[in-house]
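**Q** with the input below, show me the fold.
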Amino acid sequence: QLLRLRETMIENRIAVLHAHDFYSGALGVTAARLCGVKAIAAQRHMRLSDRRIHDWGTRYIHRLATRLLVNAEGIRDHIMKMGSASPAKIVVIHNGLDAPVQNEMDARAERERRRAKLSAELRLDGGARVVGCVAGLKPVKGHRYLLEAAAKVMKADARVHLVLVGDGELRDEIAAHARRLGIGARTSMLGHRQDSAQLGAAFDVAALASLSEGLPNSVMEAMAAGATVVATAVGGVPELIEDGETGFLVPPADSEALAQRIEYALSQSDLTGLIAMRGRQFIIERFGMERMVAAVEGLYDDIIVRQR
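**A** Predicted coordinates:
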């Protein structure tokens, strides 16, 4: 596979190889070094796992890549603390979101339509308050803390319903934990959804309890959809949310703080509506797809010009 990739790059006179994940990165930077091609390695996480092979492989990729493309300043700072790459090698380009540009009236109408559709699907009454989370069901996403926070919020407000979108290894464990907390009947687990990017429009509050993150698309999508977002201040999340201005930030692994912010967001609907509107405007203006594409093309051009 390595030799085939090297031969393909030579035959097609490839100028720049762009690898998008850990495994393609390890293969790509090696093949590129063998044929003199410049390589961009992308990293969209703080740490792939606790396994030594992943740590070693990450450092290997950092060493051989011409440029390291990361999607959050938090990831850049993490790499610099690792000491595995010089600051000059690291390029930050935030994710791009292909969200429709709507005026506030149209956006509100879309939220009402999405909300009615989800309420009908889950058979919720008109007064339900929906707290939703779009995230893979795996340990790093912190569902344990979200469930514990939701139990506290539901105790204070009987209208609250929790919606979990996503699938993964912890599905059964999360469902069991919800039952142990007494909120199983008020928790809907929707699994993987093709419309996950749009579901945020149906949430009163979009929550993320992650213990570690890069730059989470789910937060960007929820903000673009006009939901009030409460998320943990990890990785690149603070690059998306200014606490109290475009959403709310809480410490990781703190169900009490998460519950307090969700309760506040639900109880202060006029204020949080303004916060959600500012968050939507911020995401649409700063994280558009065209901006991201132009920045990546600029990186390609810079590398090609430098090698002439």
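**Q** in the stretch 201-308 of the chain, which ranges drop under the pLDDT threshold?
**A** Scanning the stretch 201-308 of the chain for pLDDT under 70 picks out the ranges 308.
**Q** go with 80
**A** Confidence mapping of the stretch 201-308 of the chain against pLDDT under 80 gives the ranges 306-308.
**Q** can you tell me how far the spatially closest residue to residue 118 that is not a sequence neighbour sits from residue 125?
**A** Excluding the flanking residues, the one nearest residue 118 by CB to CB, 6 or more residues apart in numbering is residue 202, at 4.0 Å. (C-beta placed from N, C-alpha, C; glycine too.) Distance, residue 202 to residue 125, by CB to CB, to the nearest Å: 15 Å.
**Q** can you check residue 148 too?
**A** Look at residue 148 and residue 125: by CB to CB, they are 25 Å apart.
**Q** these two: who's more crowded?
**A** Remark: of residue 148 and residue 125, residue 148 carries more neighbours, 18 against 8, as counted by other CB atoms under 10 Å.
**Q** isn't that one right up against residue 257?
**A** No: contact criterion CB atoms under 8 Å: residue 148 and residue 257 do not qualify, at 11.2 Å.
**Q** can you give me the helices for the stretch 1-150 of the chain?
**A** Applying DSSP state H, counting those that start in this stretch to the stretch 1-150 of the chain gives helices spanning 2-11, 22-35, 52-64, 73-82, 104-122, 143-156.
**Q** can you redo those helices as a markdown table with mean pLDDT?
**A** Compiled in a markdown table, the helices of the stretch 1-150 of the chain are given as follows (pLDDT from 0 to 100):
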| stretch | mean pLDDT |
| --- | --- |
| helix 2-11 | 96 |
| helix 22-35 | 97 |
| helix 52-64 | 95 |
| helix 73-82 | 95 |
| helix 104-122 | 90 |
| helix 143-156 | 98 |
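**Q** save the ones you listed as CSV, and put in distance to residue 289 too.
**A** Shown next, in CSV, are the helices of the stretch 1-150 of the chain (distance: least, CB to CB, whole Å):
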stretch, distance to residue 289
helix 2-11, 28
helix 22-35, 22
helix 52-64, 26
helix 73-82, 20
helix 104-122, 18
helix 143-156, 29
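**Q** among those, which comes closest to residue 278?
**A** Among the helices of the stretch 1-150 of the chain, helix 104-122 comes nearest to residue 278, with 11.3 Å by CB to CB.
**Q** tell me the buried residues in that closest one?
**A** For helix 104-122, burial by neighbour count (16 or more other CB atoms under 10 Å) applies to 107, 110, 111, 114, 115, 118, 119.
**Q** show me the contacts for the closest residue to the third one other than its chain neighbours.
**A** Nearest residue to residue 111 in three dimensions, chain neighbours excluded: residue 201, at 4.5 Å (CB to CB, 6+ apart). Residues touching residue 201, when contacts are defined by CB atoms under 8 Å, 6 or more residues apart in numbering, comprise 110, 111, 114, 115, 225, 226, 227.
**Q** quick one: residue 201 from residue 261, how far?
**A** 20 Å.
**Q** what segments of the stretch 101-250 of the chain are strands?
**A** For the stretch 101-250 of the chain, the strands defined by DSSP state E, counting those that start in this stretch occupy 129-134, 160-165, 187-191, 205-208, 228-232, 248-250.
**Q** closest to residue 84 out of those?
**A** Closest to residue 84 of the strands of the stretch 101-250 of the chain, according to CB to CB: strand 228-232, at 25.3 Å.
**Q** partners of the closest one, with directions?
**A** In the sheet containing strand 228-232, its partner strands are strand 205-208 (parallel), strand 248-250 (parallel), by DSSP bridges.
**Q** what's the closest of the ones you listed to residue 163?
**A** Checking these against residue 163 by CB to CB gives strand 205-208 as the closest, at 9.7 Å.
**Q** can you give the contact residues for the closest one?
**A** 129-135, 141, 146, 149, 200, 216, 218-219, 222-223, 225, 227-232, 237, 258, 262, 265-266.
**Q** what's the spacing between that strand and its chain's center?
**A** 12 Å (CA atoms, centre = their mean, to the nearest Å).
**Q** just the contacts of residue 201 now: which is nearest residue 10?
**A** The closest of the contacts of residue 201 to residue 10 turns out to be residue 225 (CB to CB; 46.0 Å).
**Q** how many other residues sit next to the closest one?
**A** The tally of other residues near residue 225 (other CB under 10 Å) stands at 25.
**Q** quick check: the gap between it and residue 89.
**A** Separation of residue 225 from residue 89 (CB to CB): 36 Å.
**Q** now swap in residue 56 and tell me
**A** Counting by CB to CB, the separation of residue 56 from residue 89 is 18 Å.
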